[in-house]
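> A predicted structure for the sequence below; I have some questions about it.
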Amino acid sequence: MINVIGSINLDLIGRVERLPKPGETIPGQAFSTTPGGKGANQALAARRAGAPVRMVGAVGADAFAGEALMLLKESGVDLAGVKETTTPTGTAMILVDNEGENVIAVIPGANAEVSPFDVETTALAPGDIVLLQHEVPLVTVEAALRSARRAGAVSLLNTAPFHADAAHLLELADYVIANESEFDLYASELRLQGPDRETRMRSFARQTGRILVVTLGKDGVVATTPDEFFHVPTLRIVPVDTVGAGDTFCGYLAAGLAEGLALEGALSQAAAAGALACLKPGAQPSIPLRKEVDEAARKPPAA
Ligand code: RIB
């Protein structure tokens, strides 16, 4: 079972030709709402990859909640651990331009109410996976990492979004997943030494005994265990909208590890899923089904 303890949002998305500068007003092209939140996106990705998934989180008692949970419900994610609060459902204001670049502002709302008590009431079994991000209170993330260790579960921490005061959490997770800019910021917080990123990654893995994964966008993904370093390429695509691509990667990676794939194979499948997620607009609507990922992986790489 994959247990995702994380955020659930409704994404309010504006399409614009280009992103506005501070203080500037520009005309937009289209508006849409889709379910989002890093936790919920990762839960859906793991479910679409074929894993049984349980979501622990919170939504408000409002009109946004139903829409925010809609795709998780349809896909069969267990939502018994999602509570209703008097605080409104979390929202994300997202602008996406014609190149697929985006800016996002998240209002946590009910996500700020996900507490260590919610972790305590989540029964974890040995061999379970616990998948976490930084969009619920860090005290809850820490409680979940410690609870996973006590239960003999495997923890995956996606370090997004960056919080300087979350640096101490990285060594508590079995797998740490960061994008390149997040890793560089954590490396500086943790004073990891070395002339380049690879050396600093290896240094983290050796010091902590953990597995560290750093996503590089179109250049694929690099990962290190205390003994081995991998570079896994990804599919070549022209992105339409990258929102949710990192979440798709994390959910697929958790599912791959849950089904027993070796690290390199799980990374390769997750990288392909993340690339496919860039081909459609919206976070959750763009998460590919397992059969689409398998099909893409069978095609020879474009020259
Ligand atoms: O990672 C993408 C997600 O970040 C969006 O769905 C948005 O809700 C924000 O949480």
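Structure's in. What do you need? Keep in mind that what you see is a predicted model, and the values were worked out from it rather than measured.
> show me what contacts the closest residue to the ligand within the stretch 1-150 of the chain?
Proximity of the stretch 1-150 of the chain to the ligand (C-beta to the nearest ligand atom) peaks at residue 36, 2.6 Å away. Yep, even glycine has a C-beta here, placed from its N, CA and C like the rest. Contact partners of residue 36, counting by C-beta atoms under 8 Å, 6 or more residues apart in numbering, are 9, 10, 11, 68, 92, 94, 243, 244, 282, 283, 284.
> So which bits of this structure are right by the ligand?
Taking C-beta under 6 Å from any ligand atom, the part of the chain that reaches the ligand is made up of 7, 9, 11, 36-38, 41, 92, 104, 106, 135, 243-244, 246-247, 283.
> which residue sits closest to the residue of the stretch 1-150 of the chain closest to the ligand, ignoring its sequence neighbours?
Nearest non-adjacent residue to residue 36, counting by C-beta to C-beta, 6 or more residues apart in numbering: residue 11, 3.6 Å away.
> State the distance from the one you found to residue 42.
Residue 11 sits at a distance of 14 Å from residue 42 (criterion: C-beta to C-beta, to the nearest Å).
> Which one of the two is surrounded by more residues?
Taking other C-beta atoms under 10 Å, residue 11 and residue 42 do not tie; residue 42 has more neighbours (34 against 26).
> what about that one, distance to residue 25?
Distance of residue 42 to residue 25, given as C-beta to C-beta: 34 Å.
> repeat for residue 44
Shown here: residue 44 relative to residue 25, a distance of 34 Å by C-beta to C-beta.
> and residue 129, what is it in contact with?
Listed by C-beta under 8 Å, 6+ apart, the contact set of residue 129 reads 1, 2, 3, 153, 154, 155, 156, 254, 257, 258.
> Backbone dihedrals for it, please?
phi -110, psi 140 (degrees, to the nearest 10).
> so where do the helices sit in the stretch 201-303 of the chain?
245-258, 263-276, 290-298 (DSSP state H, counting those that start in this stretch).
> can I get those helices in TSV with mean neighbour count and distance to residue 200?
Converted to TSV, the helices of the stretch 201-303 of the chain look like this (neighbours: other C-beta atoms under 10 Å; distance: least, C-beta to C-beta, whole Å):
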stretch	mean neighbour count	distance to residue 200
helix 245-258	28	20
helix 263-276	24	19
helix 290-298	14	30
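> returning to that earlier point: between residue 44 and residue 25, who's got more neighbours?
residue 44 (29 against 6).
> Just confirm that one is within a strand.
No - counting by DSSP: H, G, I helix; E, B strand; the rest coil, residue 44 falls outside a strand, being helix.
> residues contacting whichever residue of the stretch 201-303 of the chain sits closest to the ligand?
Nearest residue of the stretch 201-303 of the chain to the ligand: residue 283, at 3.6 Å (C-beta to the nearest ligand atom). Residues in contact with residue 283 (C-beta under 8 Å, 6+ apart) are 11, 34, 35, 36, 41, 243, 244, 247.
> same check, this time on residue 187
197, 200, 204.
> rewinding a little: which neighbours in the sheet does the helix or strand in which the residue nearest to residue 36 is found have, and how are they oriented?
Using DSSP states H and E, residue 11 falls within strand 9-16. Sheet pairing here is set by DSSP bridges, and for strand 9-16 it gives strand 28-36 (antiparallel), strand 90-96 (parallel).
> Run through who's touching that strand.
Strand 9-16 has contacts (C-beta under 8 Å, 6+ apart) with 26-37, 40, 64, 67-68, 89-98, 106, 109, 111, 243, 281-283.
> List the buried residues of it.
Across strand 9-16, burial judged by 16 or more other C-beta atoms under 10 Å covers 9, 10, 11, 12, 13, 15, 16.
> Tell me, how many residues neighbour the nearest residue to residue 107 once chain neighbours are set aside?
Counting by C-beta to C-beta, 6+ apart, residue 91 is the residue found nearest to residue 107 once chain neighbours are left out, at 5.0 Å. Neighbour count for residue 91, taken as other C-beta under 10 Å: 22.
> so what's residue 91 up against?
Shown in contact with residue 91 (C-beta under 8 Å, 6+ apart): 9, 10, 11, 12, 64, 106, 107, 109.
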